[in-house]
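Asker: need the 3D shape of this:
(one chain, ligands or ions: 2)
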Amino acid sequence: MKAAVLRNVKQPLSIEEISIDNPNINEVLVETKASGVCRTDLHYIEGNYSHQLPVVLGHEVSGIVKEVGDGVKYLKKGDTVVGCLSIFCGRCERCLEGRPALCLRDPIWDLSRNTDEKTKLFKQNETINQFLRLSSFAEMMLVHENSLVKVDPEIGYEQLALLGCGITTGLGAVLKTAQINPGCTVAVIGCGGVGLNVIQGARIAGALRIIAIDTVENKLQMAIDHGATDIVNATSQNIVEQIIKITNGGVDYSFDAIGAKITVEQSYEIIRPGGTATVVGLIPQGVKIELDGGGFIDEKKIQGSCMGSNQFRTDIPRYIELYKQGRLKIDSLVSQTLKLKSINQAFEDMKTGEFARSVIVFE
Ligand SMILES: [Zn+2]
Ligand SMILES: [Zn+2]
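Answerer: Residues are numbered from 1 along each chain as shown. Ligands and ions are numbered 1, 2, ... in the order given. A predicted model of the protein is given here:
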């Protein structure tokens, strides 16, 4: 099968013919139909996060089940599925507490193959590493059944793919991590693939005022289309001063969808006493965040959000219903579709900041 392989950081992905194994116990072979190109993938290409190489990236995906291994009862051949990196064991403390996105993934639960077993991906004698137990920049995926949710087959594959990461992360940060109140004021820093879904989550949850912050005018326009009530262009003004001014003291909830030191710190500075800042963006390894300690006496809080605190097997079908009702926009998040051979173009386009999501589509 064809796959886009990362062989060296800061280099384009190479399109290669590689092999994929047959499903073992609890594993599922999936024909990839569409895969979103997420900023997290770019972080690994640029070396902000490291992974054993060579690796096939990609983690926002929809597809069709081709074959199931022994023990798989949840899925059968022909099912339409969405993949999610939040694989859950269903047996650890976090899973049993209802927080499967934080699954402790104890090796005793066999969510991965042992190191002495055949690898899932390979090229002759060379091991090709799997990324986040998915590796969706390839024509086929071999994954554990607990990385998949069965979904409505009548939805487009591009739309379904986006539910696997960007939408679940953005909506979940608002609805599940922060659990905002109707009538509150929200600010969202960064209006890309995830930020636009934070905005949609705030709209769905009944926020009274949703302030979108970005440096790219086109994204601010998209923010309005997805539910923002106010926009602030961060190129021309000090966003902290501006937000404090227009909200008369700060917002109830802020969300950082960038993951840069400065924007995370700003997300804390723009909340009012009792407010909560939620960090959704992925912060590069090793970056330290500095906060004004005085904020704690005002009960200002800052928290992380892991993939929107998802319970993806129940969340994603619900988000699909919201989409069918017209309350969740997905079509407008797909900026362009490309073939696998053009995947490097998708990363170049991402760097321009003009695109919400590029989606790789497979024949
Ligand atoms: Zn992602
Ligand atoms: Zn678990």
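Asker: list, one by one, the residues from the stretch 51-200 of the chain near ligand 1.
Answerer: Where the stretch 51-200 of the chain comes near ligand 1, counting by C-beta under 5 Å from the ion, the residues are Cys165. To be clear about C-beta, it is placed using only N, CA and C from the backbone, and glycine gets the same treatment.
Asker: can you name the residue of the stretch 51-200 of the chain nearest ligand 1?
Answerer: Cys165 (3.4 Å; C-beta to the ion).
Asker: can you give me the pLDDT of the residue nearest to that residue when sequence neighbours are not counted?
Answerer: Using C-beta to C-beta, 6 or more residues apart in numbering and skipping the chain neighbours, the partner closest in space to Cys165 is Glu60 (3.8 Å). With respect to pLDDT, Glu60 has a value of 97.
Asker: could you check how far Glu60 is from ligand 2?
Answerer: As judged by C-beta to the ion, to the nearest Å, Glu60 and ligand 2 stand 22 Å apart.
Asker: just the helices in the stretch 51-200 of the chain please.
Answerer: 93-96, 157-162, 168-172, 195-204 (DSSP state H, counting those that start in this stretch).
Asker: tell me which of these sits nearest to ligand 2.
Answerer: helix 93-96 (3.3 Å).
Asker: touching ligand 2 at all, stretch 139-148?
Answerer: No. Against ligand 2, stretch 139-148 shows no contacts by C-beta under 5 Å from the ion, the least distance being 9.0 Å.
Asker: quick check: bridge partners of the residue nearest to Cys165?
Answerer: Assessed by DSSP bridges, Glu60 has beta-bridge partners Gly36.
Asker: got a list of what it touches?
Answerer: Taking C-beta atoms under 8 Å, 6 or more residues apart in numbering, we find Glu60 in contact with 35-38, 83, 136, 161-162, 164-166.
Asker: contacting residues around the residue of the stretch 51-200 of the chain closest to ligand 1?
Answerer: Here Cys165 is in contact with 36, 38, 40, 59-60, 84-85, 307 (C-beta under 8 Å, 6+ apart).
Asker: what do you get for Phe255?
Answerer: By C-beta under 8 Å, 6+ apart, the neighbours of Phe255 are 173-174, 178, 186-189, 195, 198, 267, 277-278, 280.
Asker: looking at those residues, which is nearest ligand 2?
Answerer: Out of the contacts of Phe255, the member with the shortest distance to ligand 2 (by C-beta to the ion) is Ala173, at 20.9 Å.
Asker: tally of neighbours for that closest one?
Answerer: Ala173: 33 surrounding residues under other C-beta atoms under 10 Å.
Asker: got the confidence number for it?
Answerer: On the pLDDT scale, Ala173 gets 98.
Asker: what of Asn48?
Answerer: 88.
Asker: that one touches Gln285, doesn't it?
Answerer: Yes. If you go by C-beta atoms under 8 Å, Asn48 and Gln285 touch, sitting 6.9 Å apart.
Asker: so between the two, which is more surrounded?
Answerer: Asn48 (18 against 10).
Asker: nearest residue to that one in space, please, no chain neighbours.
Answerer: Asn48's closest residue in space is Pro284 (C-beta to C-beta, 6+ apart), at 4.1 Å.
Asker: and that neighbour, how far from His43?
Answerer: Going from Pro284 to His43 by C-beta to C-beta, to the nearest Å gives 7 Å.
Asker: so for the two, which residues contact both of them?
Answerer: Contacts common to Pro284 and His43, judged by C-beta under 8 Å, 6+ apart, are Tyr49.
Asker: the two: which has the busier surroundings?
Answerer: The neighbour comparison of Pro284 against His43 (other C-beta under 10 Å) goes to His43, with 19 against 14.
Asker: and the nearest residue to Pro100 once chain neighbours are set aside, how many residues sit next to it?
Answerer: Leaving aside its chain neighbours, Pro100 sits nearest to Phe88 (3.6 Å; criterion: C-beta to C-beta, 6+ apart). The local packing of Phe88 (other C-beta under 10 Å) involves 25 other residues.
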